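K.L.:
dropping the sequence and predicted coords here.
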Amino acid sequence: MKKDIFYSICCLAFAIVIGGAVYEHMTIVPTWAAAPPVSLTMFQGEYGLKPGTFWQIIHPVNIFLLISTLVLHWRTARRINILILLAGYIVILAITFVYFVPELIDITSTAVSSVSQPQLIHRAKVWETLSLVRLGVLVILCIEFFLGLTKPNLRLARG
């Protein structure tokens, strides 16, 4: 029973990642990607938006919860669901740190100008498109992980 609750908490935590990404793609990304560098003022200055704080907290919490859940469910049928999510999530985080974060920082730290720059707009649109693909993969991984709740929480026989 305690393992079920822990798995459920882990599902909720990962769903928060999905929720944060969906929120950003529905509200923040369309605004900053509309006409950079003019539209990037939302990130700049003393009171600029700092979404990185959320992501810097939620990702380590999710990794910790996933590893803990994996340990608790190592000898259950749920192990494969956890392993698939954990492996996929680590790959996505690696890609995020190699491409998405540096590119986003580079784009959003561009000096504010009253003139829109076509090259910057193109980079923002490519980033947005690739980020939506990344989000789609995360949603698929999340669904697969949630399906683990349908499996019994019983120890598998050694064999």
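P.N.:
Alright, I've got the coordinates. Since we're looking at a predicted model, the values are computed, not measured. Numbering: from 1, shown residues only.
K.L.:
average pLDDT across stretch 111-128?
P.N.:
The pLDDT scores in stretch 111-128 average 83.
K.L.:
what residues does that stretch touch?
P.N.:
Residues from elsewhere that reach stretch 111-128 (Cβ atoms under 8 Å, 6 or more residues apart in numbering): 25, 29, 32-33, 35-38, 40-41, 44, 100, 103-104, 107, 110. Bear in mind the C-beta positions are built from the backbone N, C-alpha and C, glycine included.
K.L.:
tell me where the model's unsure across the protein.
P.N.:
Along the chain, the model assigns pLDDT under 70 to residues 1, 113-116, 157-159.
K.L.:
distance of Leu83 from Val61?
P.N.:
The spacing between Leu83 and Val61, counted by Cβ to Cβ, to the nearest Å, is 19 Å.
K.L.:
same thing with Phe43?
P.N.:
According to Cβ to Cβ, Phe43 and Val61 sit 24 Å apart.
K.L.:
ok, Pro152 touching Arg75?
P.N.:
No. Counting by Cβ atoms under 8 Å, Pro152 sits too far from Arg75 to count as a contact (11.8 Å).
K.L.:
more neighbours: these two, which one.
P.N.:
Neighbours were counted for Pro152 and for Arg75 using other Cβ atoms under 10 Å; Arg75 has more, 12 against 9.
K.L.:
for the chain, which helix extends over the most residues?
P.N.:
Secondary structure of the chain per DSSP state H: the longest helix is helix 118-147.
K.L.:
and that helix, which residues are buried?
P.N.:
120-121, 123-124, 127, 131, 134-135, 138, 141-142, 145-146 (16 or more other Cβ atoms under 10 Å).
K.L.:
among those residues, find me the one that's closest to Cys10.
P.N.:
When the buried residues of helix 118-147 are compared for distance to Cys10 (Cβ to Cβ), Phe145 wins out at 7.9 Å.
K.L.:
which residue comes closest to the closest one once chain neighbours are left out?
P.N.:
Leaving out its chain neighbours, the residue that sits closest to Phe145 by Cβ to Cβ, 6 or more residues apart in numbering is Leu85, at 4.2 Å.
K.L.:
and that neighbour, what does it touch?
P.N.:
Counted by Cβ under 8 Å, 6+ apart, Leu85 has contacts Phe14, Leu66, Leu141, Cys142, Glu144, Phe145.
K.L.:
which residue sits closest to the third one, ignoring its sequence neighbours?
P.N.:
This means Leu141. Using Cβ to Cβ, 6+ apart and skipping residues adjacent in sequence, the residue nearest Leu141 is Gly88, 4.5 Å away.
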